[in-house]
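S.K.: Model the following, please.
(one chain, ligands or ions: 2)
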Amino acid sequence: MTIDNCGANALRLVFNSSRCGAARTGLTYIFKGVIIILANYGYEDGSGHYYIRIDTGKCAECAAKGCIEACPEKLFVTELDDFDDEVVVIREDGRNTLQTSCALCKSEGKTELCVASCGKDTIGFSW
Ligand code: SF4
Ligand code: SF4
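M.R.: Numbering: from 1, shown residues only. Ligands and ions are numbered 1, 2, ... in the order given. Next up is the predicted model:
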């Protein structure tokens, strides 16, 4: 993990890890006392970049965690973050097959089931 001082009232913490070809990367911003945490889970290959981004700062405040039940591939699991808040992450053994796992949800330009269940603009996709 690296920590950068980004100026007045702002810190940026960066972490990276990679296992079995699938990566977990993240940025944590602390700006004027507000914590913004963006985590990316996925991989890249010859056909493209396949990452799911989760703004886990919003998950800490979410009691329902509807994404867990909504995902037909059961990709979302809970974890305690560095601040002891319960957030969701993409399960480790699902991170390097996202293109295949999410294909049906993402077909025909439909809103992904996880995004629809969340409604907080928390989940994003790189493809
Ligand atoms: S992704 Fe959305 S629904 Fe899932 S825990 Fe985070 S805020 Fe809640
Ligand atoms: S797009 Fe579908 S399969 Fe992929 S994480 Fe979201 S709900 Fe799960």
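
S.K.: Residue 113: neighbour count?
M.R.: As a burial measure, residue 113 scores 19 neighbours (other CB atoms under 10 Å). Bear in mind the C-beta positions are built from the backbone N, C-alpha and C, glycine included.

S.K.: ok, it - contacts?
M.R.: Applying CB atoms under 8 Å, 6 or more residues apart in numbering to residue 113 gives the contacts 70, 71, 72, 105.

S.K.: Now name the helix or strand holding the third one.
M.R.: With elements delineated by DSSP states H and E, residue 72 resides in a region that no helix or strand encompasses.

S.K.: I figured it was touching residue 105, is that so?
M.R.: Yes: the pair residue 72 and residue 105 passes the contact test of CB atoms under 8 Å, sitting 7.3 Å apart.

S.K.: These two: who's more crowded?
M.R.: Counted by other CB under 10 Å, residue 72 and residue 105 do not tie: residue 105 has more neighbours, with 18 against 12.

S.K.: residues in contact with that one?
M.R.: Counting by CB under 8 Å, 6+ apart, residue 105 makes contact with 72, 112, 113, 114.

S.K.: try residue 90
M.R.: Counting by CB under 8 Å, 6+ apart, residue 90 has contacts 41, 42, 52, 54, 75, 76, 77, 98.

S.K.: which phi and psi does it have?
M.R.: Dihedral pair for residue 90: phi -90, psi 130, per degrees, to the nearest 10.

S.K.: Read off the pLDDT value for it.
M.R.: In this model, residue 90 is scored at 96, pLDDT.

S.K.: Just give the nearest non-adjacent residue to it, would you?
M.R.: Of all residues not flanking residue 90 in the chain, residue 41 sits nearest, at 3.8 Å (CB to CB, 6 or more residues apart in numbering).

S.K.: near ligand 1, which residues of this structure show up?
M.R.: Contact residues, the chain versus ligand 1 (CB under 6 Å from any ligand atom): 54, 58-59, 62, 65-67, 88, 117-118, 120, 122-123.

S.K.: Shouldn't residue 100 be within a helix?
M.R.: Yes: assignment of residue 100 by DSSP: H, G, I helix; E, B strand; the rest coil places it within a helix.

S.K.: Nice, that's everything, thank you.
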